[in-house]
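>>> Provided below for reference: sequence and predicted model.
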Amino acid sequence: MQFPVPRGVFVMTNEVNFCDGYNDAVSNRSEFPLGQGFISLNSEHPSWSADVLISIEQNPTNFSVFNQSLTGVELPFAVPIFKASGEGLACIAIDIGNLGIPGVGDGSNVTIQVQFNGGDGNLFQCADLTLSSSFTIPSDVNCTHLVSNTTVSNSSSTATSTSSTSTSSNGALSLLAGNSGFFGLIVAGILSFL
């Protein structure tokens, strides 16, 4: 994960572990848009699948709190499972404000977990975030291939200007919408077969 900043640097030997082996939330959470944001990642695989989970716990330390909070709040996928093709930088559109999670809004602390599978196993990375309705993604964080549930966009600017959608001229990334009815380790198992 390139953006937002993950809990720690990527460690290949820990990629199969919860949050890439970084079990505790960071004290300095990254500010992130409440709506119309994106996650930037670098894929070195010609085809891959991913999804994004969300937790509302202050220090999520296991997969289960990305399904249901400790207070019983059922948590949806932040981004349902999907398949894509193409190597290089890709951005996953995410709109946390529209997930309908009770109590989540401007100023909320959340953690997202990206589950990625390039065909050689699952990778898990987390980012601890503070949501802001006024936060704008920095101009040096570019999104050239925006992947969403239905489109692939070609844009050279940040999330604030990615609302206009066009099909990528190079066809490098293609997306198939997936099913959001699975969670956690079940999803990890499914991803390993894709």
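Nice, thanks for sending it over. Residues are numbered from 1 along each chain as shown.
>>> and the helices in this structure?
184-193 (DSSP state H).
>>> next one: residue 40 from residue 17, what distance?
22 Å (CB to CB, to the nearest Å). In this view, the C-beta of every residue, glycine as well, is placed from N, C-alpha and C.
>>> ok, residue 114 touching residue 125?
Yes - counting by CB atoms under 8 Å, residue 114 does reach residue 125; the two are 5.1 Å apart.
>>> shared neighbours of these two, which are they?
residue 1 (CB atoms under 8 Å, 6 or more residues apart in numbering).
>>> that older thread, more neighbours: residue 40 and residue 17, which one.
When neighbours are counted by other CB atoms under 10 Å, residue 40 comes out ahead of the other of residue 40 and residue 17, with 20 against 14.
>>> can you pull the buried residues of the top strand by length along the chain?
Longest strand in the chain, counting residues (DSSP state E): strand 122-132. Neighbour counts over strand 122-132 (16 or more other CB atoms under 10 Å) mark 122-131 as buried.
>>> so how far is stretch 115-135 off the chain centroid?
4 Å (CA atoms, centre = their mean, to the nearest Å).
>>> how long is it end to end?
25 Å (CA to CA, to the nearest Å).
>>> let me know the average pLDDT across it.
The pLDDT scores in stretch 115-135 average 95.
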